[in-house]
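Peer 1: I would like to see how this sequence folds:
(one chain, ligands or ions: 2)
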Amino acid sequence: MAEEIKNNEEVMAGNFIHTFIDEDIAPGGEYEGKTVHTRFPPEPNGYLHIGHAKAICIDFGTAEKYGGMCNLRMDDTNPTKEDVEYVDAIKEDIKWLGFDWGDRFYYASDYFPQMYEYAVELIKKGLAYVCELNAEQMREYRGDLKTPAKSPYRDRPIEESLDLFRRMKEGEFEDGSMTLRAKIDLASGNFNMRDPVIYRINHMHHHSTGDAWCIYPMYDFAHPIEDAIEGITHSLCTLEFESHRPLYDWVIENISSPSKPRQIEFARLGINNTVMSKRKLRALVEEGYVDGWDDPRMPTLCGLRRRGYTPKSIRNFCEQIGVAKVNSTVEYSFLEHCLRNDLNDSAQRLMGVLRPIKLVITNYPEGKTETFTVENNPNHPEDGEREITFSRECYIESDDFMEVPVKKYQRLYPGNEVRLKSAYLVTCTGCEKDEDGNVTTVYAEYDPETKGGNAPDNRKVRGTIHWVDANNYVPATVNLYDNLFTDPEPDTGDKNFLDYINPESLVTLENCKIEASVKDNSNIHFQFMRLGYFTVDNKKSSKEHLVFNRSVSLKDSFRKK
Ligand code: ATP
Ligand code: MG
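Peer 2: Residues are numbered from 1 along each chain as shown. Ligands and ions are numbered 1, 2, ... in the order given. Just a heads-up that it's a prediction; the model follows:
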């Protein structure tokens, strides 16, 4: 971990958020002598996704860099969508990434009483009023860049607003009939400042406060108050809140705020061939397009985990994409590249055959079995060795044989010699087919002088193929994945993302044969030679029947570019 954090600091050296903070904590700065304090404020209305991982790395990573603190706060001011199930999942995912909020876990809804008092304070100062326009009228009176907004209730007496606001809280009025608005500037070029609504009536059950409240604060009013109460110094959020910052600052300036947090915005992460909004991810789950939030095709952290992503690969990804002020889309292949880098270093090697056909070595004695010792990970000799067995019959990948080879094909075809990885050189002598013409068995002869798969100096053997002993293997199911969406940008413009679901995003192979050593192996990440990196599916796999998910193939399409 120490090394990762060092990298983190190096990469973030050019991070503009840090430049701002450096100024703030320098002598004479706004927060001179203060501990840097950030927060991660998810709305518990879905599972965290890779975009959240970026925010988490920025929020927790910044606190870490400055020896500060980062709070975890459930932003649950909106009563309509929250669910307790999500709270636990959010905590689990953040811990999995390797971050810790200590004892600073909060619910924004705990601050409802203070928020109400601050709203009353604004009314008393003549800075807020109860408005009786409905949503439609409000839109109509909004004005445009040349015309100021109209607000017929803005000059109503303070006493009247105080009374109405109290009665809003008591439940006297219907949803949508009244709002509390901040009195700021009807002519502002920033529409967020044109007397924004800061409280609305909503007779809805809240998962934590129950029916105690029927008025709820708007995000722009609630968020700065939450930050101020918790003593946050730097409130880091995504770019869409940039034009809300004047309102954030206005709230802090005009309430008796216990502290003065500073909002800094950074670019949202987008990745191609996927969707990132929780609403859309929820639709995929609820409408059955995927097998839950943790479906390995989902960009959720639990999905990526089940796919075989490691915390390190995700943190490296977040560090390397950097922190910018301009929204951009990152290629999915870059995320895969980061995973491959980690697994190349750490994954246990094995042989597995996904689409098997039998190979019979006709000149190998029947009933004989040999054992070969091979390295667990060529990058790490200290990871030790394992034993694999070889006998007269083994399984090979069906596409490693062609009766009539295409140009440049260097694997098995009649007359050609290939290396069975770590075992022997074998020369193909023919095949057997069923009545439909499908190859059922391939035949070959081995050269006993090539034990370990070593070719004599004078012999050129171009192809090396993997295999599994047909008398000693573990059967398994293997899931192969492709992009969930066929369109690189499935939710831009007026596209309906559901129209672009890739029907081939999941291919399940039931008949796979895995090297027997997998049985008593405690690893969860494997490289199946020539095929990619795979992980045990923690949801579907059992001792009786193993299920693997392909995390990523070996071919790096990112590096090629
Ligand atoms: P969504 O649109 O997916 O529902 P959200 O912004 O409503 O996202 P929140 O739970 O409110 O989700 O997000 C918590 C924090 O994570 C916020 O500070 C938000 O800015 C940040 N965040 C959300 N999505 C991304 C993203 N794609 N890239 C970077 N940060 C993000
Ligand atoms: Mg949100």
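Peer 1: Let me know whether residue 317 touches residue 332 as I believe.
Peer 2: No. When contacts are counted by C-beta atoms under 8 Å, residue 317 is not listed as touching residue 332 (10.8 Å). All C-beta atoms are positioned from the backbone trio N, CA, C, and that covers glycine.
Peer 1: Would you mind telling me which of the two has more residues around it?
Peer 2: Per other C-beta atoms under 10 Å, whichever of residue 317 and residue 332 has more neighbours is residue 317, with 25 against 19.
Peer 1: Could you verify that the more buried one is part of a helix?
Peer 2: Yes. Applying DSSP: H, G, I helix; E, B strand; the rest coil, one finds residue 317 inside a helix.
Peer 1: what sits against the closest residue to residue 502 other than its chain neighbours?
Peer 2: Spatial nearest neighbour of residue 502, chain neighbours left out: residue 486 (4.7 Å); criterion: C-beta to C-beta, 6 or more residues apart in numbering. Neighbouring residues of residue 486 by C-beta atoms under 8 Å, 6 or more residues apart in numbering: 273, 500-502.
Peer 1: Just flag the most distant two among the residues you listed.
Peer 2: Distance extremes for the contacts of residue 486: the farthest pair is 273 and 501 at 11.2 Å, using C-beta to C-beta.
Peer 1: And stretch 119-134, how far out from the chain middle?
Peer 2: The chain centre lies 41 Å from the centre of stretch 119-134; the measure is C-alpha atoms, centre = their mean, to the nearest Å.
Peer 1: export that stretch as CSV, just CAs?
Peer 2: Extracted as CSV, the C-alpha positions of stretch 119-134 are listed here (Å, rounded to 0.1, in the frame of the first residue of the first chain):
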residue,chain,number,x,y,z
ALA,A,119,-34.2,28.5,6.7
VAL,A,120,-36.1,30.4,9.4
GLU,A,121,-33.0,32.5,9.9
LEU,A,122,-33.0,33.5,6.3
ILE,A,123,-36.7,34.4,6.4
LYS,A,124,-36.1,36.6,9.5
LYS,A,125,-33.3,38.3,7.7
GLY,A,126,-35.6,39.0,4.8
LEU,A,127,-33.6,36.7,2.6
ALA,A,128,-36.3,34.0,2.0
TYR,A,129,-40.0,33.9,1.4
VAL,A,130,-42.9,31.6,0.9
CYS,A,131,-44.0,31.5,-2.7
GLU,A,132,-47.3,30.2,-3.9
LEU,A,133,-46.5,29.7,-7.6
ASN,A,134,-47.0,26.2,-8.8
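Peer 1: Nearest to ligand 1: which residue in the stretch 1-150 of the chain?
Peer 2: residue 51 (2.2 Å; C-beta to the nearest ligand atom).
Peer 1: What of the stretch 301-450 of the chain?
Peer 2: residue 327 (8.9 Å).
Peer 1: Please tell me how far that residue sits from residue 191.
Peer 2: Residue 327 sits at a distance of 20 Å from residue 191 (criterion: C-beta to C-beta, to the nearest Å).
Peer 1: quick one, what contacts the closest residue to residue 121 other than its chain neighbours?
Peer 2: Excluding the flanking residues, the one nearest residue 121 by C-beta to C-beta, 6+ apart is residue 255, at 5.8 Å. When contacts are counted by C-beta under 8 Å, 6+ apart, residue 255 touches 118, 121-122, 225, 228.
Peer 1: Which of these are buried? Put it as a PyMOL command.
Peer 2: A single PyMOL command is used to select the members of the contacts of residue 255 judged buried by 16 or more other C-beta atoms under 10 Å:
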select buried, resi 118+122+225+228
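Peer 1: what are the phi and psi values for residue 213?
Peer 2: With angles defined as degrees, to the nearest 10, residue 213 sits at phi -120, psi 140.
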